[in-house]
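S.K.: One predicted model, sequence on top.
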Amino acid sequence: MGTLIIVGGYLAALKSTLSKQLSQDTNIPCLNKDNMKEVLGDTIGFQNREQNQALSNATFQIMKFIAEKELELNRDIIIESNFKQNELLELQDMIQRTGSSVISIFLTADITVLYTRYQERQANRHLVHKSTGVISFEHFRDILEEYRKEDYYGKIIERDTTVFTKKDYQGLLKEVEQYL
């Protein structure tokens, strides 16, 4: 039985960075939702927020499909996104079908640090991630309330990435490897 490693949590909490590093260090493939959505956006395109949201939904479905196929073959896989509650419920169904074990990594940080990271990355973000424009601090704060550690499954590892050092990463890696 393969292990599903879910990397989720708050916006700008280093989910993509850490999941890619975990993938490299564990030799487990990683599906990053943002990267997949960029490919779909470049290939299919979009003209408004609704079409952008449809791309996002399709990206999640593709990610889930690939993850399920890997787990059915008893292979480990990492998936990363700012998963919504309904997406986590769909993942739960997949986990039950495949009988897979789950490690969930839930990343948080100080809200002012997160918002600063969010603002700093806007200039270099792919167009598919800019359909809402730059959101206010208040809206950003409200969005974070949608992401709850309690919605995740399996062995849950929570980390605060306000200041996240190489030593902190090594501790996270060691904990993940102990559950694999």
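M.R.: In hand now; what should we look at?

S.K.: How confident was the prediction at the residue of the chain lying at maximal distance from its centre?
M.R.: What lies farthest from the middle of the chain is residue 47; by C-alpha atoms, centre = their mean that is 24.8 Å. Listed pLDDT for residue 47 reads 90.

S.K.: Ok, the one 10 residues further on next?
M.R.: Confidence at residue 57, expressed as pLDDT, is 96.

S.K.: Roughly how far does it sit from residue 80?
M.R.: Using C-beta to C-beta, to the nearest Å, residue 57 is found at 17 Å from residue 80. The C-beta positions use only the backbone N, C-alpha and C, and glycine is treated the same way.

S.K.: neighbour-wise, which of those two wins?
M.R.: Just comparing residue 57 and residue 80: by other C-beta atoms under 10 Å the higher neighbour count belongs to residue 80, 27 against 14.

S.K.: Let me know whether that one touches residue 8 as I believe.
M.R.: Yes. Applying C-beta atoms under 8 Å as the test, residue 80 and residue 8 come out as touching, 7.3 Å apart.

S.K.: Show me the common contact partners of these two, please.
M.R.: Shared contacts of residue 80 and residue 8, defined by C-beta atoms under 8 Å, 6 or more residues apart in numbering, are found at residue 15.
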